[in-house]
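K.L.:
Got a predicted model here, sequence first, then my questions.
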Amino acid sequence: MSKTKDELIKVFLSRGIEQIYPSPAEFTSYLAQSQPLKIYYGIDPTGPTLHLGHLSVMLKLKILQDLGAEIIVLIGDFTAQIGDPTDKGEARQVLTHEQVLTNCRSYKKQIGKVLDRQKIKFVYNSRWLAKLNFSQLITIASEFTLGQMVERDMFQERIKADRPVFLHEFFYPLMQGYDSVHLGVNAEIGGNDQTFNMLTGRTMQKKRGQEKFVIATKLLVDPTGKKMGKSEGNMVTLADEPNDVYGKVMSWPDEMIMLGFEICTEVDLTEMAKLNKQNPRDAKMVLAREIVKIIHGVNKAVRAEKYFINTFQKRLVPDEVIEIPAQIGELLSEVLVRAGILSSKGEFKRLVDGGGVSFEGGENVADLYQKIIKTTVFKIGKKKFVKVLVPEN
């Protein structure tokens, strides 16, 4: 059953929102009056895949699509070359435009898993930022002080640690702010780590007689407050296979379950309250299934759950097992490296030391010099199974 406008607005405001500027009340009033909302979401292509942090924002945009808003997805092919310094202890690596364009090659396909691509306007900010001349850049820079830029936490931390802060990093929020001016939007949405940059755009627009709502969403963070994203190396991506998405979510600490439901699923708040009273493992399985369903569809979500249960709870070997040939007497480490399953014997040692290599029955391989004595199935890491085949006599 489709929701009414008031119900959609309530859902939008009741979950995943950290802050709305100038105020939630003003934004609610604007939506209720059916005034045209032109909102943009910017993504810098610093890597080839989108992750659950992007998914959480796109779920908010999905509601706004249903409310009739004009959605603009801005691909930051220019700003990605500068590198957003937000929350970074050092300057980002400078990317070439070719690298950036390669990274975003499949973004539209990934976004289409969540949003109706036919109702999205895609733009690239190099189209206008690359055309700014030095005089225009000075004019933009004159709207802000050095103090406003350097007071940001990550810059203060670098200064205290005697680490360099590069001049070009101050230009990032100015360029993101100018995106709002050029697009003429009246709203911008992004993670709450982008609040400073988004408010920079609001300041620039106000000086030009325009108002803009800034919607800062909650971030997917672990219990220590660390982001689950591409920069941190622990992300779930929209390009991951269903089994991998499910398994990664199941590896999350229990403290992340309710946050995951709130910002990465469409499970309603009443159902979430019930799940919060369940065994954490069971609730997490629902969470994993819901996330896979959004990314890959309900059928693949069901299959991913079955795979997880059979492989990790019942310890059954999955149907899809990598088969590699070997000779009796060969070292398991050499067989795995030769087949490209592992990159080196050093990786094998690290896995064995951490209990990451086991026999089919679940017993860990403890011997670094384990030899192949017969055809055997091994579990390598958390999700990979290999069947080492030896010739029959």
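P.N.:
Happy to help now that I have it.
K.L.:
Could I get the buried residue list for stretch 341-351?
P.N.:
Judged by neighbour count (16 or more other Cβ atoms under 10 Å), stretch 341-351 contains these buried residues: I341, L342, E347, F348, L351. Glycine gets a C-beta too; all of them are placed from N, C-alpha and C.
K.L.:
any weak-confidence spans in this protein?
P.N.:
Along the chain, the parts satisfying pLDDT under 70 run over 1, 84-92, 229-234, 312-319, 361-362, 393.
K.L.:
what residues go with each domain of it?
P.N.:
The record's domain parsing of the chain by automatic domain parsing lists 5-217, 242-313, 322-389.
K.L.:
nearest to K227, of these?
P.N.:
domain 5-217 (7.1 Å; Cβ to Cβ).
K.L.:
got the end-to-end distance for the closest one?
P.N.:
Between the opening and closing residues of domain 5-217 there is a gap of 21 Å (Cα to Cα, to the nearest Å).
K.L.:
Skip ahead from the helix or strand containing M285 and say which helix or strand is next.
P.N.:
Assigning secondary structure by DSSP states H and E places M285 in helix 280-296. Using DSSP H and E, the helix or strand that follows helix 280-296 in sequence is helix 298-308.
K.L.:
just checking, what packs against whichever helix or strand comes after that next one?
P.N.:
Sequence-wise, the next helix or strand downstream of helix 298-308 (DSSP H and E) is strand 322-325. Packing contacts for strand 322-325, counted by 3 or more Cβ pairs under 8 Å, 6 or more residues apart in numbering; DSSP states H and E, involve strand 384-389.
K.L.:
strands paired with the strand it packs on, and their directions?
P.N.:
Strand 384-389 has its sheet partners listed here by DSSP bridges as strand 322-325 (parallel), strand 376-380 (antiparallel).
K.L.:
What's the local residue count around the nearest residue to E262 once chain neighbours are set aside?
P.N.:
By the measure of Cβ to Cβ, 6 or more residues apart in numbering, the closest residue to E262 outside its immediate chain neighbours is R15, 4.9 Å from it. Under the neighbour criterion other Cβ atoms under 10 Å, R15 is assigned a count of 21.
K.L.:
can you pull out the helices in the stretch 101-250 of the chain?
P.N.:
If you assign secondary structure with DSSP state H, counting those that start in this stretch, the helices in the stretch 101-250 of the chain sit at 107-111, 126-129, 134-141, 146-150, 153-160, 171-183, 195-206, 242-250.
K.L.:
which other helices and strands contact the fifth one?
P.N.:
Spelled out, it's helix 153-160. Of the remaining helices and strands, those touching helix 153-160 by 3+ Cβ pairs under 8 Å, 6+ apart are helix 146-150.
K.L.:
Report the buried residues of the helix it packs on.
P.N.:
By neighbour count, with 16+ other Cβ under 10 Å as the criterion, the buried positions of helix 146-150 are M149.
K.L.:
Convert the C-alpha atoms of that helix to CSV, please.
P.N.:
What follows is helix 146-150, C-alpha atoms only, in CSV (Å, rounded to 0.1, in the frame of the first residue of the first chain):
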residue,chain,number,x,y,z
LEU,A,146,41.4,31.6,6.7
GLY,A,147,40.1,31.2,10.3
GLN,A,148,36.8,29.7,9.1
MET,A,149,38.8,27.0,7.2
VAL,A,150,41.6,26.2,9.6
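K.L.:
Tell me the helices and strands packed up against that helix.
P.N.:
Applying 3+ Cβ pairs under 8 Å, 6+ apart, one finds that helix 146-150 contacts helix 153-160.
K.L.:
Now do the helix it packs on against helix 195-206, angle only.
P.N.:
For helix 153-160 and helix 195-206, the angle between their directions (axes from the mean of the first three to the mean of the last three Cα atoms, to 10 degrees) works out to 120 degrees.
K.L.:
May I have helix 153-160 exported as PDB, CA atoms only?
P.N.:
In PDB, the C-alpha atoms belonging to helix 153-160 read as follows (Å, rounded to 0.1, in the frame of the first residue of the first chain):
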ATOM      1  CA  ASP A 153      38.900  19.600  13.600                       C
ATOM      2  CA  MET A 154      41.000  17.600  11.200                       C
ATOM      3  CA  PHE A 155      43.200  20.600  10.400                       C
ATOM      4  CA  GLN A 156      43.700  21.500  14.100                       C
ATOM      5  CA  GLU A 157      44.700  17.900  14.800                       C
ATOM      6  CA  ARG A 158      47.300  18.000  12.000                       C
ATOM      7  CA  ILE A 159      48.700  21.300  13.200                       C
ATOM      8  CA  LYS A 160      49.100  20.000  16.700                       C
END
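K.L.:
Report the buried residues of it.
P.N.:
Across helix 153-160, burial judged by 16+ other Cβ under 10 Å covers M154, F155, R158.
K.L.:
now do stretch 372-389
P.N.:
By 16+ other Cβ under 10 Å, the buried positions in stretch 372-389 come out as I372, T376, F378, K379, I380, K383, F385, V386, V388.
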